[in-house]
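[1] sequence? don't have it. structure:
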DNA sequence: TCTGGGGTCCTAGGACCC
DNA sequence: TCTGGGGTCCTAGGACCC
């Protein structure tokens, strides 16, 4: 019998900040997206003020002032490191787990079915809190969709203590009848609207919906959700993530870009980062797409475009990818626009060791490989971007802004928090 | 003034083939 | 008057997730 726990960190980014800055405890805290644009994480104290995830920062400026809300820029290095600590902790509880996102994982508890699973969940929660300082919620059920739902209840209902075992609930009918359909995993705003219009407003109503109707209205994805609600597992635990299909790097600019030179710097910078990701995962890219766009929220003239090049031989070399990307740019660039964002997308990914070589390939691949290895080694040792390509520019006035970024508490010796005895 | 980024899966429709 | 049927592949767009 399938038994699965979803362990999910509460307000993950904000909680990471709290671990190293106790002044944030019991206070409203928001963490902003790149460029300090939108709220992407917030504590329950911030939610109580009416702030919601996704709202632009400038729209809540007065609220922030009035209530002394603590505002932080995203610190992905910190969150990535804390995420790994949580996963290392969870791995001590079961060998079979699926890392679902930066702040959550599904744990296979099939082999623990003879235990009290809620007790086990409480042990997991207490251990993560002690070893990492982070609060988590645990939801337990027969399928992933139901575990998500159980987790939602663990988070929202106070007397659960952060752990909820749906299997042990005596009256599941009543419970599912109280869960709004839009809270379910796999039901987004669009599907929720259509379900409500059809009179399906609760998890229970969706579970009991007609299969044929669901299939024609919401496809196989919708039908899987319905079956999962009935306790029939359709979404297996993915312990070995399938190899990925694409690598993307895109950023909004700190200020509008109007000069081609700035755009070239930005695109070269994003390609560099994408190429680093490629090499970290020992992949090579067979195609590269560049896109750029103006600001859709402005009423200024709008323009966006993208172009793709298929590479003759798949590569992971920064220099070659930068050259290819910059060659695409003149096709995309139009004078007279205020560009807001650009990005690169690497696709047709293959393992770096299985690249199909080209008969007429002019590159000295062995030499390029040595260059990449040296580059990566130096930057790993001396800090990111210590050595970089001239095409990425010197002043980088377009760079994304992070005005409120916390220190790299766990990944930089100079930022190590100090505890003083007073 | 100021509105994120990175993914996946599914489906419909067109191109193309025999 | 009257113009097949079935299959694959690719792509764009929509939906979802965090």
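    Sure thing, it's come through. Source: prediction; values computed, not measured. Residues are numbered from 1 along each chain as shown, chains lettered A, B, ... in the order given.

[2] where exactly do the strands run in chain A?
    Taking DSSP state E to define them, one finds strands in chain A at A:4-9, A:29-32, A:39-42, A:70-73, A:97-101, A:104-108, A:136-141, A:163-165, A:247-257, A:283-294, A:304-315, A:339-347, A:350-351.

[3] for these, which one sits closest to DNA strand C?
    Comparing the strands of chain A against DNA strand C with Cβ to the nearest atom of the strand, the closest turns out to be strand A:97-101 (3.9 Å). Just so you know, the C-beta spots here come from the backbone N, C-alpha and C atoms, and that holds for glycine as well.

[4] which residues are contacting the closest one?
    Contact with strand A:97-101 is made by A:6, A:87, A:90-91, A:105-108, A:237-239, A:241, as judged by Cβ atoms under 8 Å, 6 or more residues apart in numbering.

[5] before we move on, the earlier item: out of the strands of chain A, which is closest to DNA strand B?
    Set against DNA strand B and scored by Cβ to the nearest atom of the strand, the strands of chain A come closest in strand A:247-257, at 3.2 Å.

[6] Buried residues in that closest one, which are they?
    Buried positions in strand A:247-257, judged by neighbour count with 16 or more other Cβ atoms under 10 Å: A:247, A:249-254, A:256-257.

[7] Does DNA strand B have contacts with it?
    Yes - with Cβ under 7 Å from any atom of the strand as the threshold, strand A:247-257 lies in contact with DNA strand B, specifically through A:247-252, A:256.

[8] pLDDT for these - can I get that in TSV?
    Listed next are the residues of strand A:247-257 next to DNA strand B as TSV, based on pLDDT from 0 to 100:
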residue	pLDDT
A:247	95
A:248	95
A:249	96
A:250	95
A:251	95
A:252	95
A:256	95
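
[9] Quick check: the two most widely separated of the buried residues of strand A:247-257?
    Spatially, the most separated pair among those is A:247 and A:256, at 26.3 Å (Cβ to Cβ).

[10] picking that back up, of all the residues of strand A:247-257 next to DNA strand B, which two lie farthest apart?
    Pairwise distances across the residues of strand A:247-257 next to DNA strand B (Cβ to Cβ) peak at 26.3 Å, for the pair A:247 and A:256.

[11] For DNA strand C, tell me which of the contacts of strand A:97-101 show up nearby.
    Of the entries in these, not a single one is placed beside DNA strand C under the rule of Cβ under 7 Å from any atom of the strand.

[12] give the contact list for residue A:80.
    Counting by Cβ under 8 Å, 6+ apart, the residues that residue A:80 touches are residue A:102.

[13] hang on, I meant residue A:212
    By Cβ under 8 Å, 6+ apart, residue A:212 has no neighbours at all.

[14] gap between it and residue A:200?
    Distance check for residue A:212 against residue A:200: by Cβ to Cβ, to the nearest Å, it reads 14 Å.

[15] just residue A:262 next, same as before
    For residue A:262, the distance to residue A:200 under the criterion Cβ to Cβ works out to 50 Å.

[16] And residue A:337, by the same measure?
    Counting by Cβ to Cβ, the gap between residue A:337 and residue A:200 amounts to 45 Å.

[17] Get me the contact residues on chain A for DNA strand C.
    Within chain A, the positions adjacent to DNA strand C are A:100-104, A:148, A:184-192 by Cβ under 7 Å from any atom of the strand.

[18] just the residues you listed now: which is nearest residue A:168?
    Closest to residue A:168 out of those is residue A:148 (17.2 Å), distances taken as Cβ to Cβ.

[19] what residues are up against that closest one?
    Contacts of residue A:148 were listed using Cβ under 8 Å, 6+ apart, and they are A:6, A:139, A:184-185.

[20] For the longest helix seen in chain A, enumerate the helices and strands it packs against.
    In chain A, taking DSSP state H as the definition, the longest helix is helix A:260-280. The contact analysis (3 or more Cβ pairs under 8 Å, 6 or more residues apart in numbering; DSSP states H and E) places helix A:260-280 against strand A:247-257, strand A:283-294, helix A:318-332, strand A:339-347, helix A:365-382.
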